[in-house]
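>>> Here is my input, please return the structure:
(one chain, ligands or ions: 2)
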Amino acid sequence: MKAYLALCQRIIDEGVWVNNERTGKRCLTVINAELQYDVANQAFPLITTRKSYWKAAIAELLGYIRGYDNASDFRALGAKTWDANANENQAWLNNSYRKGQDDMGRVYGVQGRSWAKPDGGVVDQLGKIIDDLCRGIDDRGEILSFYNPGEFHMGCLRPCMHTHTFSVLDGTLYLTSYQRSCDVPLGLNFNQIQVYTLLALMAQITGLKPGQAYHKIVNAHIYEDQLPLMRDVQLKREPFESPKLVINPDIKSLKDLETWVTMDDFEVIGYQHHEGIKYPFSV
Ligand SMILES: Nc1nc(=O)c2c([nH]1)NC[C@@H]1CN(c3ccc(C(=O)N[C@@H](CCC(=O)O)C(=O)O)cc3)CN21
Ligand SMILES: O=c1ccn([C@H]2C[C@H](O)[C@@H](COP(=O)(O)O)O2)c(=O)[nH]1
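Residues are numbered from 1 along each chain as shown. Ligands and ions are numbered 1, 2, ... in the order given. Next up, the predicted model:
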């Protein structure tokens, strides 16, 4: 939580204004931020200086794991977060690849579970990683990449958190996650939860011990219409102690995650937080 607040303060102190053509807004921007989450010691990085909708963040992650390409599937799990990108962005609405209401196209989990091979067939990147890790194998290429430039034109948004690399050392699983673009007030609140939970879940289903999760961000920004709320409200508050995330221990495989897991299988204990803040969202 301290690292999150330090990044917000750094953007305010050192950020440079950048015009963003896609959203038509200006962003106060810094380059390069590195966060680390201690999954081994269950230090769940949940924001406490405002109410965080952590279940929606985990629902989003579960949707990526399942390879969802439709905002209605995310809604059914408990995340409304893809509604706007699927249905309100004019460039995507005009795109001939869009298959109708709620379609997100070939984004995130679609690439993670069924990356199209040039000679036909698909690659299930996540399935391969889990098979390897279950056998204690780290081939130094346990990489889950959503970043497929050849198919950007077939999706509503390029992935922001685009690559997750898993590593095993002495029976302990590590995760390094890379993010090219980060909406710090809204997106990072979710992305921190997702990086932590992805490592915790992968360790649980592969029988490895969870270690550290390293989160590397390139462009970290605050949109101009979010700045007053961040500077004058959220950053004036004192953080509370980190809560704990409890994951149902019956989740033991990728199949479990794909079939019966719901948000009821996740619980947060001891979440003390300040009042909610509604940040503007840019489509
Ligand atoms: N501009 C922008 N920022 C993002 O963070 C973002 C995108 N676009 N597009 C793709 C996904 C969708 N994500 C989102 C979308 C919405 C919220 C959001 O509105 N969060 C609110 C309420 C959440 C709820 O009620 O469930 C929040 O206060 O955190 C968060 C992340 C992250 N991504
Ligand atoms: O997981 C996510 C997904 C998206 N974001 C933010 C980062 C940017 O503000 C927008 C994406 O815009 P681009 O023009 O494609 O960079 O969404 C995030 O923070 N986390």
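>>> Kindly report the residues of this structure close to ligand 1.
Residues of the chain lying close to ligand 1 (Cβ under 6 Å from any ligand atom) are 53, 56, 80-81, 85, 157, 183, 186-187, 189-190, 281-282. Yep, even glycine has a C-beta here, placed from its N, CA and C like the rest.
>>> Out of the residues you listed, which comes closest to ligand 1?
Ranked by distance to ligand 1 (Cβ to the nearest ligand atom), these are led by residue 187 at 2.6 Å.
>>> For that closest one, list the residues it contacts.
Applying Cβ atoms under 8 Å, 6 or more residues apart in numbering to residue 187 gives the contacts residue 160.
>>> Could you check the pLDDT of it?
Residue 187 is assigned 98 on the pLDDT scale.
>>> before we move on, back to that, please check the residues of the chain next to ligand 1 and keep the buried ones.
53, 56, 81, 85, 157, 183, 186-187, 189-190, 281-282 (16 or more other Cβ atoms under 10 Å).
>>> Could you work out the most separated pair of those?
Spatially, the most separated pair among these is 53 and 157, at 19.7 Å (Cβ to Cβ).
>>> Which secondary structure state is assigned to the residue sitting nearest the centre point of the chain?
Compute the mean C-alpha point of the chain, and by Cα atoms, centre = their mean the closest residue is residue 191, 3.6 Å away. For residue 191, the assignment made with DSSP: H, G, I helix; E, B strand; the rest coil gives helix.
>>> Taking the stretch 51-200 of the chain, what residue is nearest to ligand 2?
Counting by Cβ to the nearest ligand atom, the stretch 51-200 of the chain gets nearest ligand 2 through residue 187, at 2.0 Å.
>>> Can you list the residue ranges for strands in this protein?
With strands called from DSSP state E, the chain shows them at 16-20, 25-38, 115-116, 122-123, 142-145, 161-169, 172-183, 209-223, 244-247, 266-269.
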